[in-house]
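Student: Build me a structure from this.
(one chain, ligands or ions: 2)
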Amino acid sequence: MEKSTKKRIAILGSTGSIGTQALEVIAEHPDRYEAYALTANNRVDLLIRQARQYMPDAVVIANEAKYKELKQALADLPIKVYAGADALCEVAEAAPVDMVLAAMVGYAGLRPTMRAIQAGKPIALANKETLVVAGELITALALKNRVPILPVDSEHSAIFQCLAGEPDNPIEKILLTASGGPFLHCTLDELAHVTKTEALKHPNWEMGAKITIDSASMMNKGFEVIEAKWLFGVHPEQIEVVVHPQSVIHSMVQFEDGAVKAQLGIPDMRLPIQYAFSYPFRLKASFDRLDFTRCNHLTFEQPDTERFRNLALAYEALHQGGNMACILNAANEVVNAAFLQDRISFLGMSRVIEETMRQAQFIASPTYEDYVASDMEARRIAEEKIN
Ligand code: NDP
Ligand code: MG
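Tutor: Ligands and ions are numbered 1, 2, ... in the order given. Alright, predicted model coming up:
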């Protein structure tokens, strides 16, 4: 059979916010892209609908209890159906895959992303937790396997776009923009009483629940600082967070002559997703365009790390290195889930993360197995501190 000229993409996390938008990008360019594999954790109904529409070679449901339902629903189609965490890795490694979109949420994305890199697959990376947990290991592995990691996170995509055509020009500083989330101007007193319903209302972006809470607590920005360090090889001191509530400038790079380049656009994740798919080319897209007559008020301010402790904790983890960011991530996943279940207050989240960072065992040069053990230990400590 003739080799397909389309780029075949395995989407890990196709039922999520990034995953569904990635499928829209594929639908807009059916001559260039096709979904090789689609995967979900629990949302089997949506996965079935996506499989019928996009006709991938394979689908995976991580939760094995849902396998039968998925298998039966797709019995009339020539789609391979698998279940479980190992199957996720296997579809990412499969020979026909040209690119893996890592769009699962959280630590669970680490292993399949690692396996895809080891199999030599270019990565479009949305799952920032992979770089937060094990940035050193992942970047070394990508270098060894000559695998590009193309950022999907809008800020990192902006930085990546600013760096196009500048291969020999060192970065002086990265200016990472932050919307500041729904609680930007709340006092500490007010922050003590904010609810999950308020936290889930992000002013500019529609995203999955976990990252929306991380955005409200500014842990998301802390993670993005760590992500930027690994993607662009800069020191923590070269990454400055700038609060820019309008989310028009998606991030900036300052070069050694003082010139600052920025990438602007409306907040729409389909653009960075598409750019990761099409890099180094830009494809015509039907997304809305920025109307400058409607954004005549762009503002910038410093983040407040007294009210948003998580940002300071992320810088601290980055300075300490080793497994500290893995501990930070694990504790954050526990408190984030607890906040969504009304088991911890908004400010309690930072307290538990900080205490977990103090208590969990520090490892200066962790192996993959160390990361797995640190993740488990930090989750246990954080869970104990909540209860
Ligand atoms: P969602 O919660 O919307 O989607 C997560 C996806 O991962 C779903 O397909 C979900 O399946 C799947 N999933 C969750 N847990 C597991 C697991 N244990 N095993 C296998 N699959 C799992 O998240 P988002 O799309 O918002 O975010 C995805 C990643 O992209 C995150 O790392 C986030 O930080 C990053 N990101 C997201 C942005 C956004 O705009 N949403 C912007 C920048 C980065 P199911 O649907 O069945 O639960
Ligand atoms: Mg972002």
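
Student: so H185 sits in a strand?
Tutor: No. With the criterion set as DSSP: H, G, I helix; E, B strand; the rest coil, the secondary structure at H185 is coil rather than a strand.

Student: What is the burial count for it?
Tutor: When counting by other C-beta atoms under 10 Å, one arrives at 11 neighbours for H185. Any C-beta I mention is one placed from the backbone N, CA and C, and that applies to glycine too.

Student: One more: L188?
Tutor: Quick note: L188 (other C-beta under 10 Å) scores 10 neighbours.

Student: in what helix or strand does A10 lie?
Tutor: For A10, the enclosing helix or strand under DSSP states H and E is strand 7-12.

Student: what does M349 give?
Tutor: helix 346-359.

Student: after that helix comes which helix or strand?
Tutor: With DSSP H and E, the next secondary element past helix 346-359 is helix 368-386.

Student: Check which helices and strands that next one sits against.
Tutor: helix 129-144, helix 324-340, helix 346-359 (3 or more C-beta pairs under 8 Å, 6 or more residues apart in numbering; DSSP states H and E).

Student: List the buried residues for the very next helix or strand once past the strand holding A10?
Tutor: Past strand 7-12, heading to the C-terminal end, the next element that is a helix or strand (DSSP H and E) is helix 17-28. Of the residues in helix 17-28, those buried under the neighbour-count criterion (16 or more other C-beta atoms under 10 Å) are 17-23, 25-26, 28.

Student: on that earlier part again, tell me which of the helices and strands packed on helix 368-386 sits most buried.
Tutor: Each of these was assessed for mean neighbour count using mean count of other C-beta atoms under 10 Å. The highest is helix 324-340, with a mean of 26.

Student: Next, the angle helix 346-359 makes with it.
Tutor: Here the directions of helix 324-340 and helix 346-359 differ by 150 degrees (axes from the mean of the first three to the mean of the last three C-alpha atoms, to 10 degrees).

Student: Using CSV, list the CA coordinates for helix 324-340.
Tutor: Output of helix 324-340 as CSV, limited to C-alpha atoms (Å, rounded to 0.1, in the frame of the first residue of the first chain):
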residue,chain,number,x,y,z
MET,A,324,11.9,19.2,44.0
ALA,A,325,9.6,20.1,41.1
CYS,A,326,8.3,16.6,41.0
ILE,A,327,7.4,16.9,44.7
LEU,A,328,5.8,20.3,44.0
ASN,A,329,3.7,18.8,41.2
ALA,A,330,2.6,15.8,43.2
ALA,A,331,1.5,17.9,46.1
ASN,A,332,-0.3,20.2,43.8
GLU,A,333,-2.2,17.4,42.1
VAL,A,334,-3.4,16.3,45.5
VAL,A,335,-4.5,19.7,46.7
ASN,A,336,-6.0,20.6,43.4
ALA,A,337,-8.2,17.5,43.5
ALA,A,338,-9.0,18.2,47.1
PHE,A,339,-10.0,21.8,46.4
LEU,A,340,-12.4,20.5,43.6
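
Student: What residues does the stretch 251-387 of the chain have near ligand 1?
Tutor: Among all residues of the stretch 251-387 of the chain, those adjacent to ligand 1 (criterion: C-beta under 6 Å from any ligand atom) are M269.

Student: Could you check the pLDDT of the residue in the stretch 251-387 of the chain positioned nearest to ligand 1?
Tutor: When distances are taken as C-beta to the nearest ligand atom, the stretch 251-387 of the chain reaches nearest to ligand 1 at M269, 4.5 Å away. Residue-level confidence at M269 comes out at 97, pLDDT.

Student: Parallel or antiparallel, list what pairs with the strand holding A10.
Tutor: Counting by DSSP bridges, the strands paired with strand 7-12 are strand 33-40 (parallel), strand 99-102 (parallel).

Student: what's the residue in the stretch 1-150 of the chain that ligand 1 sits nearest to in contact with, if anything?
Tutor: In the stretch 1-150 of the chain, the residue that lies nearest ligand 1 is G16 (1.9 Å; C-beta to the nearest ligand atom). If you count contacts by C-beta atoms under 8 Å, 6 or more residues apart in numbering, G16 has them with 103-105, 208.

Student: Distance-wise, check the residue of the stretch 201-350 of the chain found nearest ligand 1 relative to L200.
Tutor: Residue nearest to ligand 1 within the stretch 201-350 of the chain: G208 (2.6 Å; C-beta to the nearest ligand atom). Counting by C-beta to C-beta, to the nearest Å, the gap between G208 and L200 amounts to 10 Å.
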